[in-house]
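*Asks:* Below are the sequence and a predicted model; questions follow.
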Amino acid sequence: MSTKGRLGRRLIQLYVGLVLYGASSALLVEAGLGLEPWNVLHQGLSELTGLTIGVVSIVVGAAVLLLWIPLRQRPGLGTVSNVFVVGLAMDGTLAVVPEVHSLAVRIPLLLAGILLNGVATGLYISARFGPGPRDGLMTGLHRRTGRSIRLMRTAVEVAVVATGFALGGTVGVGTVLYAVSIGPLAQLFLRVFDVPSASGGSTVVAAGQPRGAILRP
């Protein structure tokens, strides 16, 4: 594949991945059985402020990006795009998907949302345009403190979930199921959507990113 062809494919993967990530998050909101950690916070802040969850996601993403400055993190195209595209896609999907009340519909919706989130993660990360603001925060903390990424991620996400839950965000079986399944799903779809580099090598792990990090928008 030519250099231009690889760049075109990467750009398509980036934006399709971000849109699908927002859509998958919206499906989890509609299922009402528990959200991924950061969206628990976003939903809680949405309940508090009256803003849509997508708008809150954009505001929080921008605020987190500012925290990159003291951590000396460098944002990429994917980082900046993430701030806006995911939130807009989430609100857009919520506007067109009808409310569901039956558990027989909400459970498949939850499962579809988690699977789609894994697909979106594989598309977005394989594009190699930089981590999302929230994951960049965790890798930045890892570099500055010397603590493991797992510890940084756990500490940040526990704090995020606790704060979001206190504000009215939804924590439930979906939160747990997402936590245990997103890693394997992300790894699977990272391999599926990997864009070969010019030298023919794998690009699944972006240069400069710790191999232990599963980056999500």
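*Replies:* Noted; the coordinates are in hand. The structure displayed is predicted, hence computed values, not measured ones.
*Asks:* what about the helix or strand hosting Val59, average pLDDT?
*Replies:* Val59 is located in helix 53-66, with elements delineated by DSSP states H and E. The average pLDDT for helix 53-66 rounds to 97.
*Asks:* just checking, next helix/strand downstream of it?
*Replies:* The C-terminal neighbour of helix 53-66 among helices and strands, as given by DSSP H and E, is helix 68-71.
*Asks:* chain center to that next one: distance?
*Replies:* Centroid separation for helix 68-71 versus its chain: 20 Å, with Cα atoms, centre = their mean, to the nearest Å.
*Asks:* Check which residues of the lengthiest helix in the chain are buried.
*Replies:* Longest helix of the chain, by residue count under DSSP state H: helix 3-31. Neighbour counts over helix 3-31 (16 or more other Cβ atoms under 10 Å) mark 9-10, 13-31 as buried. Where you see a C-beta, it was placed from the backbone N, CA and C, and this is true even at glycine.
*Asks:* cool, and stretch 35-48?
*Replies:* Buried residues in stretch 35-48, defined by neighbour count with 16+ other Cβ under 10 Å: 35-47.
*Asks:* any idea which of those residues is closest to Val158?
*Replies:* Val158 has its nearest neighbour among the buried residues of stretch 35-48 in Pro37, at 8.1 Å by Cβ to Cβ.
*Asks:* thought that closest one was touching Ala159?
*Replies:* No: counting by Cβ atoms under 8 Å, no contact exists between Pro37 and Ala159, whose distance comes to 9.3 Å.
*Asks:* which stretches of the protein form helices?
*Replies:* For the chain, applying DSSP H gives helices covering 3-31, 37-49, 53-66, 68-71, 77-96, 103-126, 133-145, 149-166, 173-192.
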